[in-house]
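Asker: I'd like to go over a predicted model; first the sequence, then the structure.
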Amino acid sequence: MSKQDVAKSIDVTGDKKDWDYLKRSSKTFEACQQGALLGLLSLFGVQYEIEKVYKKSTKTSPLLTVKSVEYFNKKIDVINYVTLEMDKAVKCCGQEKKWASQLIKRSMDALSFSVLLEVAAENSIACQMKKTRKTEFTIVMKKVRSITAQLHNMLFVLDKETIRDFGLSVNRTIIDRMAGSNRKSSLIDRIVTVNPYDQQIEKLFEKYICKGVYNNLSAFKPVPSILLDFDGTNLEVKSFISDSSDDQKRNRSPIA
């Protein structure tokens, strides 16, 4: 059953199990879209550092904490940027608005993902965004509808299902590398570095994305043209990001 079907089945009084399902589904897809971008960025020669996850859920896949991103001889301290932006946001809210730790964490995750979107755009990875609702106390997490990337002289389109499958596999691959350490480990041991052109990620790319080249079982196929026909409209293959809220447009970009 899809999220839309579950949402329609919820009655006026509300069913906690259904709402829990919706929240878990949404959180898992956020991890999937992050994983899909991280996977593609590695294939485009980007190196990044991930802080290890120590608390794992059995019902959802965790969003990874990206510490830094390095490409084009430029290194972005993602955590430092996100922390500074959150400090500004909390100060602007005033005392009448309460920022619970969970809401702050959600906002930090949203800011971190926005950085990945900008890095992806600089590497000619085009993301078509969904519309998202504004929230009063948090910065909205952007949602990806599809991803377009050109690799190996072929143009690939990742739809929602492919983002889910490829992204979840990348997420689990990175988490598998986090074994054997704890919070008392040294700072170096608490960081997982994913190098450019990671071999495991390349294999996942071949499994979940390149299959469209060899058979017709995939929901997407390589497009030989520089224009992509999507939902009846032509989407120009170039770097772009569509912001979902005016507040996010005012956020200072970490990419100079």
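Answerer: Noted; the coordinates are in hand. This is a predicted model, so every value here is computed, not measured.

Asker: wait, what's in contact with the closest residue to residue 196 other than its chain neighbours?
Answerer: For residue 196, ignoring the flanking residues on the chain, the nearest one in space by Cβ to Cβ, 6 or more residues apart in numbering is residue 45 at 4.3 Å. Every C-beta, even on glycine, is put in place using the N, C-alpha and C of the backbone. Contacts of residue 45 were listed using Cβ atoms under 8 Å, 6 or more residues apart in numbering, and they are 71, 123, 196-197.

Asker: cutoff 10 Å now
Answerer: With contacts defined as Cβ atoms under 10 Å, 6 or more residues apart in numbering, residue 45 is in contact with 70-72, 123, 195-197.

Asker: secondary structure class for it?
Answerer: State at residue 45, reduced to three classes by DSSP: H, G, I helix; E, B strand; the rest coil: coil.

Asker: Can you tell me how far it is from residue 64?
Answerer: As judged by Cβ to Cβ, to the nearest Å, residue 45 and residue 64 stand 19 Å apart.

Asker: now residue 157
Answerer: Residue 157 sits 24 Å away from residue 64, going by Cβ to Cβ.

Asker: for residue 165, same thing?
Answerer: Here the distance between residue 165 and residue 64 works out to 17 Å (Cβ to Cβ).

Asker: Between these two, which is the more surrounded one?
Answerer: Between residue 165 and residue 64, counting by other Cβ atoms under 10 Å, residue 64 is the more crowded of the two (24 against 19).

Asker: Excluding covalently adjacent residues, which one is nearest to the more buried one?
Answerer: residue 50 (5.0 Å).

Asker: can you check residue 66 too?
Answerer: In space, and not counting its chain neighbours, residue 66 is closest to residue 78: 4.9 Å by Cβ to Cβ, 6+ apart.

Asker: go on, residue 82?
Answerer: Using Cβ to Cβ, 6+ apart and skipping the chain neighbours, the partner closest in space to residue 82 is residue 111 (4.5 Å).

Asker: My understanding was that that neighbour contacts residue 65; is that so?
Answerer: No: the pair residue 111 and residue 65 does not pass the contact test of Cβ atoms under 10 Å, sitting 11.7 Å apart.

Asker: intersection of neighbour lists for these two?
Answerer: With Cβ under 10 Å, 6+ apart as the test, residue 111 and residue 65 both reach 78, 82.

Asker: On the pLDDT front, check residue 213 for me.
Answerer: Confidence per residue is given as pLDDT, and for residue 213 that number is 46.

Asker: Check residue 153 too.
Answerer: 85.

Asker: same deal with the one 4 residues further on?
Answerer: Model confidence at residue 157, expressed as pLDDT, equals 93.

Asker: what is it paired to in the beta sheet?
Answerer: With DSSP bridges applied, residue 157 shows beta-bridge pairing to residue 148.

Asker: just use 819 as the starting number from now, easier for me
Answerer: Noted, 819 is the first residue going forward, which turns the last one into residue 975.

Asker: Where do the helices of the stretch 969-1074 of the chain begin and end?
Answerer: In the stretch 969-1074 of the chain, the helices defined using DSSP state H, counting those that start in this stretch lie at 978-994, 1017-1026, 1029-1032, 1064-1067.

Asker: Distance to residue 849 for the ones you listed - can I get that in a markdown table?
Answerer: Rendered in a markdown table, the data for those read as follows (distance: least, Cβ to Cβ, whole Å):
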| stretch | distance to residue 849 |
| --- | --- |
| helix 978-994 | 5 |
| helix 1017-1026 | 15 |
| helix 1029-1032 | 22 |
| helix 1064-1067 | 20 |
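
Asker: Deepest-packed of the ones you listed, please.
Answerer: Comparing the helices of the stretch 969-1074 of the chain on average neighbours per residue, with mean count of other Cβ atoms under 10 Å, the densest one is helix 978-994 at a mean of 20.

Asker: Neighbours of residue 951, how many?
Answerer: Using other Cβ under 10 Å, the number of residues around residue 951 comes to 7.
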